[in-house]
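**Student:** This is a predicted model, with the sequence first.
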Amino acid sequence: MPTGYTSKIYNGEQVTGKEFIMTCARAFGALSSMRDESNDTPIPEELKLDTHYKDELDKAKQKLKEFQSMTKEEIQILIDKNYLETIEANNKYHNENLALRKRYENVIAEVEKWEPPSSDHYSLKNYAIEQLKDSIRYDCNSDNHSKGIKKENPDKYIQKQIDSCLWDIDYYQKEWDKEVKRNSERNLWIKQLRDSF
């Protein structure tokens, strides 16, 4: 039975050693991103850089500039907006929990009314109720966390945002550098492979 690599040979097609090696090369590190593509997809002369880390680095630098240039009034507006959004999200979560608890309790009431057809079925009834009560215990937090939320101090808030941007910049710069190096090594591997024929 042929593999994905040997199927052309199996089907009677003319395949050179070079073509077969280039097909098999898809299973190796430099070209592993092509392993799921059709064997007819040509191997590029050069692999393109994945710009994800560069894009995120640019975003982090832009955010840093924005935070560093904010006025006290703009910071306060942002803090107020975040505060209101957090309260709203917590209230929504709290209301969803109350509704979920009510649904569980409705099912518990129905299960409690159920008369098992035999004494062998009572353990099923008890198990069902236990499952519902466990779900209430784990799924239904009845506390409304909005009560404990306080607005942040503007100086601490902006410093926290700047520190976060600086961390992101450091992280994405390192990852971008690794991607550039990896891509360079992969392209060298492909060039060496092509030059070997």
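**Tutor:** That came in fine, so what should we check first?
**Student:** Which parts of stretch 157-176 count as buried, going by neighbours?
**Tutor:** By neighbour count on 16 or more other CB atoms under 10 Å, the buried set for stretch 157-176 is 157-158, 161, 165, 168-169, 172-173, 176. The way it works is simple: take the backbone N, C-alpha and C, and place the C-beta from them, glycine included.
**Student:** got the contact list for it?
**Tutor:** 53-54, 56-57, 60-61, 63-64, 67-68, 70, 75, 78-79, 152 (CB atoms under 8 Å, 6 or more residues apart in numbering).
**Student:** tell me the contacts of the residue nearest the centre of the chain?
**Tutor:** Nearest residue to the geometric centre of the chain (CA atoms, centre = their mean): H52, 13.7 Å. Contacts here follow CB under 8 Å, 6+ apart; on that basis H52 touches E179.
**Student:** That one and E185, how far apart?
**Tutor:** 18 Å (CB to CB, to the nearest Å).
**Student:** do Y172 as well
**Tutor:** Relative to E185, and taking CB to CB, Y172 is found at 20 Å.
**Student:** what domains does the record give for the protein?
**Tutor:** The chain is divided into the following domains under automatic domain parsing: 7-49+184-195, 52-183.
**Student:** rank the ones you listed by mean pLDDT and give me the bottom one.
**Tutor:** For the domains of the chain, mean pLDDT drops lowest on domain 7-49+184-195, to a mean of 87.
**Student:** Is T3 in a helix, a strand, or coil?
**Tutor:** coil (DSSP: H, G, I helix; E, B strand; the rest coil).
**Student:** Look at it and say how many residues are nearby.
**Tutor:** By other CB atoms under 10 Å, the residues close to T3 number 9.
**Student:** Pop out the phi and psi values for it.
**Tutor:** phi -90, psi 180 (degrees, to the nearest 10).
**Student:** Could you report the distance from it to L31?
**Tutor:** T3 is 17 Å from L31, by CB to CB.
**Student:** What about the contacts of stretch 157-176, which are in helices?
**Tutor:** Counting by DSSP state H, the part of those found in helices is 53-54, 56-57, 60-61, 63-64, 67-68, 75, 78-79.
**Student:** buried subset of these?
**Tutor:** 53-54, 56-57, 60, 63-64, 67, 75, 78-79.
**Student:** Would you mind giving the orientation angle of the one helix or strand K156 maps to with respect to helix 52-68?
**Tutor:** Using DSSP states H and E, K156 maps to helix 154-195. Using axes from the mean of the first three to the mean of the last three CA atoms, to 10 degrees, the inter-axis angle of helix 154-195 relative to helix 52-68 is 160 degrees.
**Student:** Cheers, nothing more for now.
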